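>>> Sequence isn't available, so here's the structure alone:
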């Protein structure tokens, strides 16, 4: 194993997908949260803390995993870069009906 392998594995960007609500019973928005964390439990905790700080009253998280390579499209490219810089990046979008 070389130094680059260690560096890359320590900096894997995690993505968490789900839905969020600004107020209970309100309209759901889709959400992708990108961040770097040492384990899944820490990633979920940091994601929920960031969503609460952004004003979301409820969150339902569905999937968690590591991103393999830099995304191809915005806003995910910027969110990925933000995660590598230590930010918790939150992307919301309208849920399909």
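Perfect, thanks for sending it. Computed from a predicted structure; not experimentally measured.
>>> contacts, neighbours, all on C-alpha from now
OK.
>>> Spatially, which residue comes closest to the residue most central in space within the chain, not counting chain neighbours?
Centroid-nearest residue in the chain, with CA atoms, centre = their mean: residue 33, separated by 1.7 Å. Leaving aside its sequence neighbours, residue 33 sits nearest to residue 90 (CA to CA, 6 or more residues apart in numbering; 4.6 Å).
>>> my read: that neighbour touches residue 29, true?
No - here residue 90 lies out of contact with residue 29, judged by CA atoms under 8 Å, at a distance of 11.7 Å.
>>> So these two - more neighbours on which side?
Comparing residue 90 with residue 29 by other CA atoms under 10 Å, the one with more neighbours is residue 90, at 21 against 17.
>>> In terms of helices and strands, where is the more buried one?
strand 89-94 (DSSP states H and E).
>>> who are the neighbours of the longest helix along the chain, in terms of helices and strands?
Criterion DSSP state H: the longest helix present in the chain is helix 40-53. On a contact count with 3 or more CA pairs under 8 Å, 6 or more residues apart in numbering; DSSP states H and E, helix 40-53 meets strand 14-21, strand 28-35, strand 58-66.
>>> Okay, buried residues for the longest one please.
Going back to what we said before, that points to strand 58-66. Using 16 or more other CA atoms under 10 Å as the test for burial, strand 58-66 gives 58-59, 61, 64.
>>> could you dump those residues to a markdown table with pLDDT and distance to residue 50?
Formatted as a markdown table, the buried residues of strand 58-66 follow (pLDDT from 0 to 100; distance: CA to CA, whole Å):
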| residue | pLDDT | distance to residue 50 |
| --- | --- | --- |
| 58 | 96 | 12 |
| 59 | 97 | 11 |
| 61 | 97 | 13 |
| 64 | 97 | 16 |
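>>> which pair in those residues spans the largest distance?
58 and 64 (17.6 Å; CA to CA).
>>> Not counting its neighbours along the chain, what's nearest residue 27?
Of all residues beyond its chain neighbours, the one nearest residue 27 is residue 21 (6.3 Å), with distances taken as CA to CA, 6+ apart.
>>> no wait, residue 87
That would be residue 35: by CA to CA, 6+ apart, it lies 6.4 Å from residue 87.
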